[in-house]
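**Q** Provided below for reference: sequence and predicted model.
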Amino acid sequence: MSKKLWGGGFSQTASVKREEFWNSIGFDQRLAKFDIQGSMAHARMLGACGIVPEDDVAKIIGGLTSILDDLNSGNLEFRLEDEDIHMNIERTLTEKIGPVAGKLHTARSRNDQVVLDMHLYVRHEAEEISTLLRELAKAFLKQAAQNIATIMPGYTHLQRAQPVTFAHHLLAYVWMFVRDMERIKSVQKSVSFSPLGAGALAGTTFPIDRDYVAQELGFDGIYQNSLDAVSNRDFILELLSANAIIAAHLSRFCEEVILWVSSEFSFVKLSDAYCTGSSMMPQKKNADLAELVRGKTGRVYGALTTMLTVIKGLPLAYNKDFQEDKECLFDSVDTIKGCLYHLTGMVETMSAKPESMLAATKQGFLNATDFADYLVGKGLPFREAHEISARLVAQCLEQGRTLEDLSLDEWTSIHPLIGGDVLDAINIRNVLDRRQSQGGPAPVRVKEQIEILSKLLG
Ligand code: ARG
């Protein structure tokens with residue numbers, strides 16, 4: 001049973017069961033350093049504006065500094081009955097410096113305080129996610145640089161379609177990560193305004209200086225509407241959706257890795273560190289990490305759905321529902337960071353199997369389009385050329401042969417326009433080398449891509 005800091009007008013105290021359900025300290029304690037940081041800026045502003053005497057401000061700052069030390073050394077104690085991180089820190093401050101601690105909350109509400117903390121948290125984590133994305137992208141880039149000439153089948157409908165290279169395939173993911181980084185950058189823009197000074201919802205009568213606090217905390221400006229400031233959670237939705245899109249990208253890649261390590265494909269070898277065996281089947285080596293990351297997508301999407309649902313239909317301004325913005329966000333952030341970190345290691349240590357990839361290009365008529373293009377080069381309309389090529393493929397399929405198996409006599413009997421140069425035209429490596437259109441898989445183009453990406457990623 002405990003008395004609350006807001007408990008002046010309340011006669012009943014709370015049971016532990018109620019506290020456990022109601023209170024957020026169990027999870028919002030991870031906002032501690034941001035809460036202290038925000039309080040320090042607020043206290044300095046109160047001093048600078050003459051709202052609280054400077055020697056009281058000095059005591060408050062001293063107390064907060066000592067709380068920060070306790071936090072960093074693992075000695076800050078959080079109490080369930082103190083409800084949330086804001087109350088816990090205020091209570092600790094009171095223990096350290098006495099009643100003068102009560103002046104800190106002048107011209108402030110937990111409503112603008114909590115949303116400030118969330119801005120600082122998102123700003124911090126967005127930077128970390130961005131760094132991890134960059135590292136993953138660089139690991140991909142390095143693999144790509146080693147596999148510019150590694151021919152592999154490119155797929156549509158998971159059917160072998162046309163030849164590409166392993167480098168080109170990997171670089172497609174790097175572009176996804178580049179866009180992910182852009183999305184994170186846009187989240188960072190969204191948290192570049194300070195909500196502090198919005199008070200509970202309608203500002204304050206004290207002569208505060210919101211720009212002072214904004215500057216102190218490294219924001220570019222302030223929210224211009226106090227109601228908007230305390231009820232905005234768009235930035236949380238934005239990070240959650242950026243994370244959801246990252247999860248989608250990682251999951252797509254992981255699915256490919258799982259296919260690639262299977263004996264059906266056998267395109268890639270993973271380091272043992274990222275695989276596990278089976279407790280029953282001795283021959284198994286499962287791409288466990290890739291499966292786990294693919295599975296984690298569920299909770300990252302779930303977090304976005306949670307928050308979209310929490311915010312739906314909420315009247316302005318603050319509502320207790322907002323307390324539900326934290327666990328889903330924390331989980332999404334932790335999950336994405338873990339996925340990015342571990343996948344980086346997996347990609348750094350994985351190795352391509354060029355022979356298997358090349359062998360796979362020999363089946364599946366990956367050069368059928370190129371035979372049609374060859375006929376177009378001889379003057380046939382593409383539709384007609386396509387039909388001739390399709391008929392030839394059907395014939396070969398029936399006989400269990402590939403285009404490479406055909407003799408020159410057989411080739412020339414197909415159409416009078418076909419000459420000896422057809423053999424060069426359907427050679428897989430030539431086929432690849434000739435795909436030099438912008439953004440294509442030919443090694444010359446892929447080298448350009450790598451250069452552009454290396455510059456982008458720094
Ligand atoms: N723990 C609360 C939250 O996470 C802090 C804000 C409480 N404000 C209030 N008026 N009850 O949202």
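**A** Happy to help now that I have it. Numbering: from 1, shown residues only.
**Q** how many residues are close by Ala287?
**A** A count of neighbours around Ala287, defined by other CB atoms under 10 Å, yields 23. All C-beta atoms are positioned from the backbone trio N, CA, C, and that covers glycine.
**Q** then Leu76?
**A** 18.
**Q** over to the one 10 residues further on?
**A** For His86, the tally of surrounding residues (other CB under 10 Å) stands at 25.
**Q** please, which helix or strand holds it?
**A** If you go by DSSP states H and E, His86 is part of helix 85-97.
**Q** so what touches that helix?
**A** 4-5, 24-25, 28-29, 31-32, 35-36, 39, 59-60, 62-64, 66-67, 70, 76-79, 82, 101-102, 104-105, 110, 113-114, 117 (CB atoms under 8 Å, 6 or more residues apart in numbering).
**Q** strands of the stretch 251-400 of the chain, start to end?
**A** 268-269, 351-352 (DSSP state E, counting those that start in this stretch).
**Q** again, but for the stretch 101-250 of the chain
**A** Under DSSP E, counting those that start in this stretch, the stretch 101-250 of the chain gives strands at 151-156, 159-165, 193-194, 221-222.
**Q** out of these, which gets nearest to Gln323?
**A** Between Gln323 and the strands of the stretch 101-250 of the chain, the tightest spacing by CB to CB is seen for strand 193-194, at 21.2 Å.
**Q** partner strands of the closest one, with direction?
**A** Note on strand 193-194: by DSSP bridges, its sheet partners are strand 221-222 (parallel).
**Q** circling back: buried only: go through the contacts of helix 85-97 for me.
**A** Buried residues within the contacts of helix 85-97, counting neighbours by 16 or more other CB atoms under 10 Å: 24-25, 28-29, 31-32, 35-36, 39, 59-60, 63-64, 67, 76, 78, 82, 101, 104-105, 110, 113-114, 117.
**Q** now, those residues that are in helices?
**A** Among those, the members falling in helices (DSSP state H) are 25, 28, 32, 35-36, 39, 59-60, 63-64, 67, 110, 113-114, 117.
**Q** if we look at the ligand, which of the residues you listed are close to it?
**A** Asp28, Arg110, Val114 (CB under 6 Å from any ligand atom).
**Q** adding pLDDT, write those out as TSV.
**A** Shown next, in TSV, are those (pLDDT from 0 to 100):
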residue	pLDDT
Asp28	98
Arg110	98
Val114	98
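**Q** so how far is the helix holding His86 off the chain centroid?
**A** 35 Å (CA atoms, centre = their mean, to the nearest Å).
**Q** what mean pLDDT does it get?
**A** On average, the pLDDT along helix 85-97 is 98.
**Q** which of the residues in it are buried?
**A** Quick answer for helix 85-97 (16+ other CB under 10 Å): Ile85, His86, Met87, Asn88, Ile89, Glu90, Arg91, Thr92, Leu93, Thr94, Lys96, Ile97.
**Q** relative to the ligand, which of the strands of the stretch 251-400 of the chain is closest?
**A** When these are compared by CB to the nearest ligand atom, strand 268-269 sits nearest the ligand, at 44.9 Å.
**Q** helices of the stretch 301-450 of the chain, residue ranges please.
**A** 325-349, 354-362, 368-377, 382-399, 408-414, 422-426, 428-434, 443-457 (DSSP state H, counting those that start in this stretch).
**Q** show me what the last one is packed against.
**A** Helix 443-457 sits against helix 110-146, helix 166-190, with contacts defined as 3 or more CB pairs under 8 Å, 6 or more residues apart in numbering; DSSP states H and E.
**Q** pick the most deeply packed of those helices.
**A** Of all the helices and strands packed on helix 443-457, helix 110-146 carries the top mean neighbour count, a mean of 22, counting by mean count of other CB atoms under 10 Å.
**Q** quick check: residues of the protein near the ligand?
**A** Ser24, Asp28, Asp84, Arg110, Asn111, Val114, Tyr318, Lys320, Phe322, Gln323.
**Q** pull the most distant pair out of the residues you listed.
**A** So, the residues of the chain next to the ligand by CB to CB: farthest apart are Asp28 and Tyr318, at 15.0 Å.
**Q** kindly export stretch 414-432 (C-alpha atoms) in PDB.
**A** Only the C-alpha atoms of stretch 414-432 are listed here, as PDB (Å, rounded to 0.1, in the frame of the first residue of the first chain):
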ATOM      1  CA  ILE A 414      15.300 -24.600 -87.400                       C
ATOM      2  CA  HIS A 415      15.300 -21.400 -89.500                       C
ATOM      3  CA  PRO A 416      17.300 -20.200 -92.500                       C
ATOM      4  CA  LEU A 417      18.400 -17.000 -90.600                       C
ATOM      5  CA  ILE A 418      20.300 -19.100 -88.000                       C
ATOM      6  CA  GLY A 419      24.100 -19.200 -88.500                       C
ATOM      7  CA  GLY A 420      27.100 -20.500 -86.600                       C
ATOM      8  CA  ASP A 421      27.000 -17.400 -84.400                       C
ATOM      9  CA  VAL A 422      24.000 -18.800 -82.600                       C
ATOM     10  CA  LEU A 423      26.300 -20.900 -80.300                       C
ATOM     11  CA  ASP A 424      27.900 -17.700 -79.000                       C
ATOM     12  CA  ALA A 425      24.600 -16.100 -78.600                       C
ATOM     13  CA  ILE A 426      23.200 -18.800 -76.300                       C
ATOM     14  CA  ASN A 427      26.400 -19.300 -74.300                       C
ATOM     15  CA  ILE A 428      25.400 -18.600 -70.700                       C
ATOM     16  CA  ARG A 429      28.400 -16.400 -69.800                       C
ATOM     17  CA  ASN A 430      27.900 -14.400 -73.000                       C
ATOM     18  CA  VAL A 431      24.200 -14.100 -72.300                       C
ATOM     19  CA  LEU A 432      25.100 -12.600 -68.900                       C
END
